[in-house]
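Student: test case, fold it:
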Amino acid sequence: MSSIRGFVKGTDEPVWVRVLNAAYKEYEDWRAITVEEMLLEEKRPIFDFEGRFIAELSGKPVGIATLTLTS
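Tutor: All right, here's what the predicted structure looks like:
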């Protein structure tokens, strides 16, 4: 069964980084990020926890999505 759930601050950072790095590993100019780098990004005022989602298949994270709303 597949599902999409909201990002859980303080828990999902390793999941996000793992899925993101796996998705872009084939790109020559991609430099994998670390959990520590993501934690620094989370401190920026424009970082939106509510706009981040994790897709799961049978309970296993398989994708990530970011939603940005504009006025």
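Student: now the strands for the protein?
Tutor: Per DSSP state E, the chain carries strands over the ranges 2-6, 52-57, 60-66.
Student: show me what counts as buried in the longest helix anywhere in the chain.
Tutor: In the chain, ranked by residue count with DSSP state H as the criterion, the top helix is helix 13-24. Buried residues in helix 13-24, counted by 16 or more other Cβ atoms under 10 Å: Glu13, Val15, Trp16, Val17, Val19, Leu20. Just so you know, the C-beta spots here come from the backbone N, C-alpha and C atoms, and that holds for glycine as well.
Student: so the first one makes contact with Leu39?
Tutor: Yes: using Cβ atoms under 8 Å as the test, Glu13 is close enough to Leu39 to be in contact (6.4 Å).
Student: what's the neighbour count on the nearest residue to Met1 once chain neighbours are set aside?
Tutor: Closest residue to Met1 apart from its sequence neighbours, by Cβ to Cβ, 6 or more residues apart in numbering: Ser58 at 6.3 Å. Counted by other Cβ atoms under 10 Å, the residues lying close to Ser58 total 8.
Student: quick check: Ser58 touching Ser3?
Tutor: No: here Ser58 does not reach Ser3: they are 9.4 Å apart, not a contact under Cβ under 8 Å.
Student: apart from its chain neighbours, what residue comes closest to Asp12?
Tutor: In space, Asp12 is closest to Ile54, 6.2 Å off (Cβ to Cβ, 6+ apart).
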